[in-house]
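# sequence and predicted model, in that order:
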Amino acid sequence: MRNPLSPTAVLGGVIESDYLRSLLVGTVGAVVLLGVLGIAFPDSVFGDFSGIVFSTSTGASTARLAAPIVLAGLGGIFAEKSGVINIGLEGLLIISAFISVYAASVVGVGNTVLGIPALGVAFLAGIAASTFLAAVFAVVCIEFKADQIIAGLAVWLIALGLAPFMSTVFFGGVNTPNLGVSVGWHYSATLVLLATVGSWWLLNQTAFGKHLRAAGENPKALDTVGVSVSKVRYAGVLLSGVLSGVGGSALALSIGQFVGSGETMVQGKGFIAIVAYLFGNYNPIGTLGAGVLFAGLDAMQIRLQQLGYAVPDTLVQTIPYVVVIVVLALVGRTQIPEAAGEHYETED
């Protein structure tokens, strides 16, 4: 019998599908090949591309941009594993991004509240705002059995209008002033890694994780053994609010400002987060990989525009979204929870 605690067994549990292993091997192989070609032909396009991929600035930008995608994606896993499809992740990111900056400005950078630094208070405020909005979504969907897709869209649209409006009321414009201080990219990277490992452990090594999966796959069986399906689903949705709150706060505090113009500074990262966890087949490790991939492409397209090649900037800017479309075409491998999106009535 194989030792369940051996490195091979643990790795097999973390990356349990041939699909994810193939993705990991393929991605690493492509990066290594690019590095070799860049060294061999430094004055070619390979040299330019490898210079971008392996630059410190690209790595820092990737860490900053990956935080909202991965963290919201992890939250989406908890919600959907429980049977509730939360497509309002974009809205949760937006509201937490604004509230975190607002809280930091009210406290004053450099000040503390009960011994907690202003940026710590800002994180907590952003998480609280996102969790509150997720709780409202949960009540509407679980208690009143509203259509989850429509309710999720409502969460996004409410946040999309409310955050810039509040910014205008409190700061005189949809874009807030810069706080003058920001959270370093390494903090975002640490948060992402801790949340990924914690999510994997919670989903796969605890009784709560088993209940969560049962609520999304066979809620009747869970109800039969005396576990409340509604409570488990509430917990799953609230966790999506907590994790999205961390992601939105990290995004805004990484630049020390909330940008509310256009689609706001979130710019569709909540929707990309949905693709990330589908691409990762509801596996936190796969979600991390997909989130880093999309964030890396986003960071690269900014730098590709500076190389001077005769390629329109607007075309370069579409690279991350083209990849998302390609990924969407591949999600047929994803095993969606059987009861996801379905309401459940507790049997008497």
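That came through, no problem.
# and the nearest residue to G280 once chain neighbours are set aside, how close does it get to T190?
Of all residues not flanking G280 in the chain, G286 sits nearest, at 2.5 Å (C-beta to C-beta, 6 or more residues apart in numbering). Using the backbone N, CA and C atoms, a C-beta is placed for each residue, glycine as well. Distance, G286 to T190, by C-beta to C-beta, to the nearest Å: 20 Å.
# residues in contact with the spatially closest residue to A299 that is not a sequence neighbour?
The shortest distance from A299 to any non-neighbouring residue, by C-beta to C-beta, 6+ apart, is to S61 (3.7 Å). Going by C-beta atoms under 8 Å, 6 or more residues apart in numbering, S61 touches 185, 295, 298-299, 302.
# could you rerun that using 10 Å?
55, 185, 254, 295-296, 298-300, 302-303 (C-beta atoms under 10 Å, 6 or more residues apart in numbering).
# pLDDT below threshold where in this structure?
Scanning the chain for pLDDT under 70 picks out 1-27, 305, 308-311, 313, 316-317, 320, 324, 327-328, 330-333, 347-348.
# can you rerun that using 50?
Across the chain, the ranges flagged by pLDDT under 50 are 1-15.
# the strands in it, which residues?
For the chain, the strands defined by DSSP state E occupy 112-113, 116-117.
# ok, which of those comes nearest A195?
strand 116-117 (20.1 Å; C-beta to C-beta).
# counting by contacts, list what that closest one packs against.
helix 89-107, helix 118-138 (3 or more C-beta pairs under 10 Å, 6 or more residues apart in numbering; DSSP states H and E).
# residues near A104, how many?
For A104, the neighbour count with other C-beta atoms under 10 Å is 28.
# tell me the contacts of it?
Here A104 is in contact with 111, 117-123, 125-126, 176, 179, 181, 249, 252-253, 256, 258 (C-beta under 10 Å, 6+ apart).
# can you check L179 too?
By C-beta under 10 Å, 6+ apart, the neighbours of L179 are 101, 104-105, 108-109, 118-119, 122, 252-253, 255-258.
# at 8 Å what do you get?
101, 104-105, 109, 253, 256-257 are the contacts of L179 under C-beta under 8 Å, 6+ apart.
# turn those residues into TSV, including distance to V323.
Formatted as TSV, the contacts of L179 follow (distance: C-beta to C-beta, whole Å):
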residue	distance to V323
V101	30
A104	33
S105	36
V109	37
L253	27
G256	29
Q257	27
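# emit the PyMOL select command for whichever of these are buried.
PyMOL command restricting these to the buried ones, with burial defined by 16 or more other C-beta atoms under 10 Å:
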select buried, resi 101+104+105+253+256+257
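# quick check, nearest of the contacts of L179 to M166?
V101 (10.5 Å).
# ok, the nearest residue to A134 once chain neighbours are set aside to V155 distance?
What sits nearest to A134 in space, not counting adjacent residues and going by C-beta to C-beta, 6+ apart, is G241, at 2.7 Å. For G241, the distance to V155 equals 10 Å [C-beta to C-beta].
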